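Colleague: how does the following fold in three dimensions:
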Amino acid sequence: MLGFSLLQVRAGHWSHVDASTRNERASLNVFLAVLLLLSAALLWFLTRRPSVSAALALAGALIVTALLSARWVTVSLHGAFAAFATALLWPIKLAVIAGVLVTVVVVWSRLVLGRHVAADVVAGLLLGMAAGGAYHVWVV
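Modeller: Presented below is the predicted three-dimensional model:
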């Protein structure tokens, strides 16, 4: 991801590696979705083990869903991935508690920094929890 971002800046397509504009974020998200989905397929092909390949596929699906819903809501992918990671830690109680705390801080930071509004982070949290639930239904 960092390599892609640096290449975009060096080529003059982006102003900064943090993908600040809507177009920069969209191109980063398309790159990440393709990378995650291809990685999931390759890992599945090589190992036939669903644990990591399913997590990668669901992560890619999170990004695709955010891209497809961008017309209506700017899904907080930071919140989505924090919630998804927390859901993957289930049922390890201490890890889930730590994950929830990290997720709260991530969501709070997105709101305080003005990167998202409440609807965006709620959408991200719901998508992340749904992906985590799908992982446990699909894999566990």
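
Colleague: C-alpha from now on. contacts and neighbour counts both.
Modeller: OK.

Colleague: can you pull out the helices in the protein?
Modeller: In the chain, the helices defined using DSSP state H lie at 2-10, 22-47, 50-68, 77-88, 93-112, 118-138.

Colleague: kindly format the C-alpha coordinates of the shortest one as CSV.
Modeller: Translated: helix 2-10. What follows is helix 2-10 as a C-alpha-only set of coordinates in CSV (Å, rounded to 0.1, in the frame of the first residue of the first chain):
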residue,chain,number,x,y,z
LEU,A,2,2.8,2.4,0.9
GLY,A,3,4.6,1.5,-2.3
PHE,A,4,1.5,2.3,-4.4
SER,A,5,1.0,5.6,-2.5
LEU,A,6,4.6,6.6,-3.1
LEU,A,7,4.4,5.8,-6.8
GLN,A,8,1.2,7.9,-7.1
VAL,A,9,2.9,10.9,-5.5
ARG,A,10,6.1,10.5,-7.5
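
Colleague: on that earlier part again, just say which of the helices of the chain is most tucked in.
Modeller: Mean neighbour count (mean count of other CA atoms under 10 Å) peaks for helix 77-88 among the helices of the chain, with a mean of 25.

Colleague: how long is stretch 45-54 from one end to the other?
Modeller: Using CA to CA, to the nearest Å, the end-to-end distance of stretch 45-54 comes out at 12 Å.

Colleague: distance from the chain centre to that stretch, please.
Modeller: 19 Å (CA atoms, centre = their mean, to the nearest Å).

Colleague: for stretch 96-112, same thing?
Modeller: The chain centre lies 14 Å from the centre of stretch 96-112; the measure is CA atoms, centre = their mean.

Colleague: CA atoms of that stretch as CSV?
Modeller: Provided in CSV are the C-alpha atoms of stretch 96-112 (Å, rounded to 0.1, in the frame of the first residue of the first chain):
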residue,chain,number,x,y,z
VAL,A,96,-12.0,-8.6,22.2
ILE,A,97,-12.1,-6.0,25.0
ALA,A,98,-8.8,-4.6,23.7
GLY,A,99,-10.2,-4.6,20.1
VAL,A,100,-13.3,-2.7,21.2
LEU,A,101,-11.2,-0.1,23.0
VAL,A,102,-9.1,0.3,19.9
THR,A,103,-12.2,0.5,17.7
VAL,A,104,-13.7,3.2,20.0
VAL,A,105,-10.5,5.3,19.7
VAL,A,106,-10.3,4.8,15.9
VAL,A,107,-13.9,5.9,15.5
TRP,A,108,-13.5,8.8,17.9
SER,A,109,-10.4,10.0,16.0
ARG,A,110,-12.2,9.9,12.6
LEU,A,111,-15.0,12.1,14.0
VAL,A,112,-12.7,14.5,15.9
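
Colleague: many thanks, we can stop here.
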